[in-house]
Every structure is written in C-alpha cells, then in structure tokens.
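S.K.: Sharing a model prediction with you, sequence too.
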Amino acid sequence: MLVPILKQGQYLIASVQAALRDADLVKLRDALSEQVGTYRSRGVIIDVTALDVLDSFACRILSDIANIVRLRGAKTVIVGIQPEVAYSMVQLGLRLDGVAALDLEEGLDYMKRGT
Amino acid sequence: MPVTRNEIRVAIRSDGDILAARQQGRELGTRLGFRPSDLAVIATAISELARNILVYAKSGNIVCWPIERGTKKGVVIQADDEGPGIPNVETVLKDGYSTSGGLGLGLPGVRRLMDEFAIVSRKGHGTSVTAIKWIK
C-alpha cells in the first residue's frame, strides 16, 4: 500500500494508512527525499498512528528519512507512535533518530516553532 | 508437534508474508486473551523473526500455537528455516551483532521481548528459534 503524501504549505505530510510492507517503506523514503526538493519543503511529518508495529526495519527507514531530509535542508517529525508500539520498540532496543511528537497538531506546532 | 485448532502457520518467502505472519500472530494473541501491549510485543517479535528468515535463509516458516504450563497460559512462536545456519549462536545473541548490515537487534531484541527463548542451529542445516510469551 502506497503512503499518500500531502503538501500542506511549506510542509509535507505522509499519513500511513495501514501496515506497510518493507518495499512500501522504501518507496516512502524515496518519494519524500524527492518531494522535499521538488516543493522546497521546510519539513516532513510522518503520521504512524495506524501502525501496530515499528520493527527494526521500519525504524531504520524512518531514521534514514530523517537523515536524508536533514541533508536536504528540512526537518522530520514522526507523529502518533502508539503507547504499546513505543513499549515494544524500547524492549527491542530500538532508537529512532529524528523528532517524535504526540499527534499531527503537535507535530505541526513543532515545525512552525522551529522554522 | 500436535496441530491444534488455534495453530497458525505462515510460509515466509516475501516481505508481504512478514505482514501476514504478524497479523495472524496478533489475531491468535487476541483470541488467547493477551493485553494490547503484549499483542504489540508478539507482532514485533514475529516481524523480526520472519525478516531474519527472509534475509538469511530466503524462505522458512513462522508457526504459532497456544501453550499451557501449570496455571500459566501463553503462546509459542517458532521460526524455522533450512538456510545456512548460524555458526556461532552466542555471537548473534550479542547486541549490535549483524552480518546483514542491519541494526543487529534481531535475535537479542526478540529475546528481550519474549519470556522464554531458545535457538537451535546447525551449519548447513538451518535454524529454529522458539520463543514463548506468557499471558499476564
């Protein structure tokens, strides 16, 4: 399932709708890397509220996105990590490079404060 | 291994199968009465084990079934493959070890997520990981 990417002013919002295959995560990474340049975006928000698992592969891709977006001159905020997902990530020993926020509203606030 | 009504078995050959395995594992966990945080733990463990199969052995199986021991009830997750096997099991259980350029969190992470964990591997004959999560 492809993740829709919405352009909202200076920001790109990728809203994950359902569980993603590894290949879909890679496509999301490539699309965001591209579109940050195309739209001269200041920030990328990835909403993962719909995800019931963030495993090592998903975390690596999200960290890659944050790093790529930073090198393209913009910021990344991951929003909506569910409490039980956060618990599993910590147990697994995963760290997420990039900023996390509670929900989309807080993510947008963070972007606006920081730019 | 007895086949019970509640057993799930998913052949792992593609990244779509990883999704199928963790979704079916979560459904089994729900039927058995696990709380939401442990359902996420079970799904995450299955995801890591299934990806290990795909990356190192190309194909294998994820099998899950209910278990009872005394008054405890839980679920067994087993990941089997006929891949190259792991020459030194102790090494791959150390945090940070990876031969695939990944995060190296797979097996030690799964061991932390689950309550019981065992691994049997023979070089050239494949690997079998068995892990149990008890209902709290």
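M.R.: Structure received.
S.K.: immediately after the strand or helix carrying A:Ala86, which helix or strand?
M.R.: If you go by DSSP states H and E, A:Ala86 is part of helix A:83-92. Proceeding C-terminally, helix A:83-92 gives way to strand A:99-101 as the next helix or strand, assigned by DSSP H and E.
S.K.: contacting residues around that following strand?
M.R.: With CB atoms under 8 Å, 6 or more residues apart in numbering or on different chains as the test, strand A:99-101 has contacts from A:Ala66, A:Lys75, A:Thr76, A:Val77, A:Ile78, A:Val79, A:Ile81, A:Gly107, A:Asp109, A:Tyr110. Quick note: C-beta positions are derived from backbone N, CA and C, even for glycine.
S.K.: so the fourth one touches A:Ile46, yeah?
M.R.: Put plainly, it is A:Val77. Yes - counting by CB atoms under 8 Å, a contact exists between A:Val77 and A:Ile46, whose distance comes to 7.5 Å.
S.K.: what about B:Lys72, neighbour count?
M.R.: Here the neighbour count serves as a burial measure; for B:Lys72 (other CB atoms under 10 Å in any protein chain shown) it reads 12.
S.K.: Grab the nearest non-local neighbour of B:Lys123.
M.R.: Once flanking residues are discounted, B:Lys123 sits nearest to B:Gly85: 4.3 Å by CB to CB, 6 or more residues apart in numbering or on different chains.
S.K.: Just say helix, strand or coil for that neighbour.
M.R.: When the structure is split into helix, strand and coil by DSSP: H, G, I helix; E, B strand; the rest coil, B:Gly85 lands in coil.
S.K.: is stretch B:71-84 up against chain A anywhere?
M.R.: No - in this structure, stretch B:71-84 remains apart from chain A according to CB under 8 Å from any CB of the partner chain; the gap is never smaller than 13.8 Å.
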